[in-house]
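Novice: Based on what follows, work out the 3D shape:
(4 chains)
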Protein chains: 2
Amino acid sequence: MTTTSPRGRTELLRPDGSPVRVLVVDDELSITELLSMALRYEGWQIRSAGDGQGAIQAAREFRPDAVVLDMMLPDMDGLSVLGRLRRELPDVPVLFLTAKDALEDRIAGLTAGGDDYVTKPFSLEEVVARLRGLIRRSGAADRRSDSVLVVGDLTLDEDSHEVCRGGESIHLTATEFELLRFLMRNPRRVLSKAQILDRVWSYDFGGQANVVELYISYLRRKIDAGREPMIHTRRGAGYLIKPGVS
Amino acid sequence: MTTTSPRGRTELLRPDGSPVRVLVVDDELSITELLSMALRYEGWQIRSAGDGQGAIQAAREFRPDAVVLDMMLPDMDGLSVLGRLRRELPDVPVLFLTAKDALEDRIAGLTAGGDDYVTKPFSLEEVVARLRGLIRRSGAADRRSDSVLVVGDLTLDEDSHEVCRGGESIHLTATEFELLRFLMRNPRRVLSKAQILDRVWSYDFGGQANVVELYISYLRRKIDAGREPMIHTRRGAGYLIKPGVS
DNA sequence: GGCGTTTCTCAGAGAAATCACAGACTCTGG
DNA sequence: CCAGAGTCTGTGATTTCTCTGAGAAACGCC
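Specialist: This next block holds a predicted model:
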C-alpha cells in the first residue's frame, strides 16, 4: 500500500497500513545514526544493532521487513550472521554494505536470491532506493506501488534507470540520475544545496559544494534543453523541479 | 492541530492541544535569550541550555518536540551532543546553528534526516520558518496544517517559495520573500519598522533603517502593481497587510 | 595498458540582489 | 497654506550567488 504524506512524498506501507520496519546492523555508530535518520525520514520504523549478537536478537524481537547488514562486524563473520538471520527471518530481504574493494564475486553470490548490496561509502539516496526496491519486490509492502516517478512529461524508472522526457529517452550518468531522482521525489519543493549534497553524494564527500551547481547544469542540458524548463533556481535558497505549466 | 489565536495568528499545536515544546541549545546567552523570546512569541514553550550536558538533561526532562542546536558548544563536540540527543529523543527534528564559514567543513549528513540548519548570523523569521517546517513535517503537530499562507487573493507557499496574486505567479528575491512572509503571518496588524528589522534582517544587521521602506517599495511594485493595494502604510506606526476589501 | 567516460576542481564571466544615499513627494498640525 | 517630519523611490556601487568552460584525475572496459 502506498499513501501520500503531508510532505507530498509517496510512502511505502505494509498491507495492514502499519509502517515498514527496517533493522540496521553496523558497528560504526556514525553509520547507524546516519542511516537511522535517513530511513526514519522515509516514514519507516528503525531498529539498529552494532554487532552480530545484537542483530540476531533484534531480528527475533523486532521482526523487520528488511535488514541493512554491514558485512564487516567485530564479533562474528558476516556470513554466519547472515545464516542466523535467515533462520530467524527466512523471507526478509537483506541489503549488504561492503567495502569498495570487497570480493565482488562473493557478494554477487549472496545477492542471487533477490538481495542487493551497496558499497561504502554510499549515498543515502542510493541506500533508500535499493531498500525501497527490495521491500517492494519482497511483497512486504503493497505490490501495486510502482517504480516510476513522473513530473510533467518527465519520467524516471527506478528499476530500469530509464529517463524520458516527452517520450524521448535520455541518457544520464550515475550521479546525474541520483540527483534527478532526488529532485523528482521532492517535486515543487525547494531543496538546498546542502540537502542535495547530503542525500545524493556519499557521506564522506569532502569536496566543493559547487558540484551541485555543476550537476544541475549538466541535468539542464539534458532535461531542459530547448524545452520548457522544469529545473528552477531559487537564488539563495536552492533548486526545485516542477512541471513546466506556469 | 492548528488554531487561531486572539491576535489573529495561526499557531502550531500538538494533537492534544498543548503547546509545542522547543529546546534551545547555545552557549551564548544573548542568542538563547533572543531565540527564546522570538519562539515564545510563537506560542511555543521554550527551555534553553548552555552546554551539551545541560542539553541532554533538559531533553530527558522536558521532552521537546524540536531542538535548536548550536554546533559549537564549549564542553562537547556538536556531533556527540547530537548522538546523545538522538538516543534520548529518536524522532525529534533538530535545527542546527552553524557559523557561516563552517559551511565547508562538513555539515555532512546533518540535513539528511529531514533536519535542517541555518547559518549565523540568522534572522528570526528564518529560524521560526525552518522550525515550523520541521515540526510540521515531523508530525508532532497536526499534519493538516499546511505550508501555504493566504491573505485575500495573495498566497505564499513556504515549501516551494511560490507567491501568487490572483493566480498569477510572482517572483520575489530572498529578502522580499521573507518580508512578505512576516507580513502575511501577521495580517491586519501594524508592524513597526523596528519590529520588521528585528525579525526579517539578521541580528547583526548594522545598516540604515530605511531598507525596510525600500523593500516595502519593492514588494508593492510586485504585489500591488495595478491592483487593489494590500500593503498599507500607517504613518508614524508602521506597515500592515490586509485583503484588498477596503 | 590504452581509451573513452565520468567525476570533480578551479576560475572567470555574468547576472542578480542588497543596500546607501539623496532628492522628491506626502501628510499633518498649526 | 506652510514647515517639518515621515515616507517613497531612482540611481548606482558593491557584494554575493550562479553558471559554465577547460582541464586534471579517477574510473571502467576491453
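
Novice: contacts, neighbours, all on C-alpha from now
Specialist: Will do.

Novice: Tell me where chain A has strands.
Specialist: A:2-4, A:10-12, A:21-25, A:45-49, A:66-70, A:94-99, A:116-120, A:148-151, A:154-157, A:163-165, A:168-170, A:231-234, A:238-241 (DSSP state E).

Novice: what about the closest residue to A:Phe96 other than its chain neighbours, how many neighbours?
Specialist: Nearest residue to A:Phe96, sequence neighbours excluded (Cα to Cα, 6 or more residues apart in numbering or on different chains): A:Tyr117, at 4.3 Å. A:Tyr117 has 20 neighbours, counted by other Cα atoms under 10 Å in any protein chain shown.

Novice: got it, and A:Gly78?
Specialist: 17.

Novice: show me the residues around it that make contact.
Specialist: A:Gly52, A:Asp70, A:Met71, A:Met72 (Cα atoms under 8 Å, 6 or more residues apart in numbering or on different chains).

Novice: Just give me the closest of those residues to B:Glu28.
Specialist: Nearest to B:Glu28 out of the contacts of A:Gly78 is A:Asp70 (Cα to Cα; 40.6 Å).

Novice: Find me the pLDDT at the closest one, would you?
Specialist: At A:Asp70, the model reports a pLDDT of 93.

Novice: Hmm, it is touching A:Phe96, no?
Specialist: Yes: applying Cα atoms under 8 Å, one finds A:Asp70 in contact with A:Phe96, separated by 5.8 Å.

Novice: Look up the residues forming beta bridges with A:Val151.
Specialist: A:Leu154 (DSSP bridges).

Novice: residues from chain A in reach of DNA strand D?
Specialist: Chain A comes close to DNA strand D at residues A:Asn210, A:Glu213, A:Leu214, A:Ile216, A:Ser217, A:Arg220, A:Thr233, A:Arg234, A:Arg235, A:Gly236, A:Ala237, A:Gly238, as judged by Cα under 7 Å from any atom of the strand.

Novice: is it possible to export the residues you listed to JSON lines including neighbour count, distance to B:Pro15 and pLDDT?
Specialist: JSON lines is the format used below for the residues of chain A next to DNA strand D (neighbours: other Cα atoms under 10 Å in any protein chain shown; distance: Cα to Cα, whole Å; pLDDT from 0 to 100):
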{"residue": "A:Asn210", "neighbour count": "11", "distance to B:Pro15": "41", "pLDDT": "94"}
{"residue": "A:Glu213", "neighbour count": "14", "distance to B:Pro15": "40", "pLDDT": "98"}
{"residue": "A:Leu214", "neighbour count": "11", "distance to B:Pro15": "43", "pLDDT": "98"}
{"residue": "A:Ile216", "neighbour count": "19", "distance to B:Pro15": "40", "pLDDT": "98"}
{"residue": "A:Ser217", "neighbour count": "15", "distance to B:Pro15": "43", "pLDDT": "98"}
{"residue": "A:Arg220", "neighbour count": "17", "distance to B:Pro15": "43", "pLDDT": "98"}
{"residue": "A:Thr233", "neighbour count": "15", "distance to B:Pro15": "36", "pLDDT": "97"}
{"residue": "A:Arg234", "neighbour count": "19", "distance to B:Pro15": "33", "pLDDT": "97"}
{"residue": "A:Arg235", "neighbour count": "10", "distance to B:Pro15": "36", "pLDDT": "96"}
{"residue": "A:Gly236", "neighbour count": "11", "distance to B:Pro15": "34", "pLDDT": "93"}
{"residue": "A:Ala237", "neighbour count": "14", "distance to B:Pro15": "31", "pLDDT": "94"}
{"residue": "A:Gly238", "neighbour count": "18", "distance to B:Pro15": "32", "pLDDT": "96"}
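
Novice: Which ones among those residues lie within helices?
Specialist: Of the positions in those, A:Glu213, A:Leu214, A:Ile216, A:Ser217 sit in helices, assigned by DSSP state H.

Novice: closest to chain B among those residues?
Specialist: A:Glu213 (15.1 Å; Cα to the nearest Cα).

Novice: So that closest one versus B:Gly166, what's the distance?
Specialist: Computed as Cα to Cα, to the nearest Å, the A:Glu213 to B:Gly166 distance reads 33 Å.

Novice: still on that earlier bit, do you know which of the strands of chain A lies nearest DNA strand C?
Specialist: Nearest to DNA strand C among the strands of chain A is strand A:231-234 (7.7 Å), distances taken as Cα to the nearest atom of the strand.

Novice: Each with direction, which strands does that closest one pair with?
Specialist: Strand A:231-234 is paired, per DSSP bridges, with strand A:238-241 (antiparallel).

Novice: Isn't the residue nearest to A:Phe96 up against A:Leu95?
Specialist: Yes: applying Cα under 8 Å, one finds A:Tyr117 in contact with A:Leu95, separated by 5.0 Å.

Novice: what is in contact with these two at once?
Specialist: A:Arg130.

Novice: just to revisit the earlier point, in a markdown table: the contacts of A:Gly78, plus neighbour count.
Specialist: Compiled in a markdown table, the contacts of A:Gly78 are given as follows (neighbours: other Cα atoms under 10 Å in any protein chain shown):
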| residue | neighbour count |
| --- | --- |
| A:Gly52 | 27 |
| A:Asp70 | 26 |
| A:Met71 | 23 |
| A:Met72 | 19 |
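
Novice: can you pull the pLDDT of A:Gly8?
Specialist: 43.
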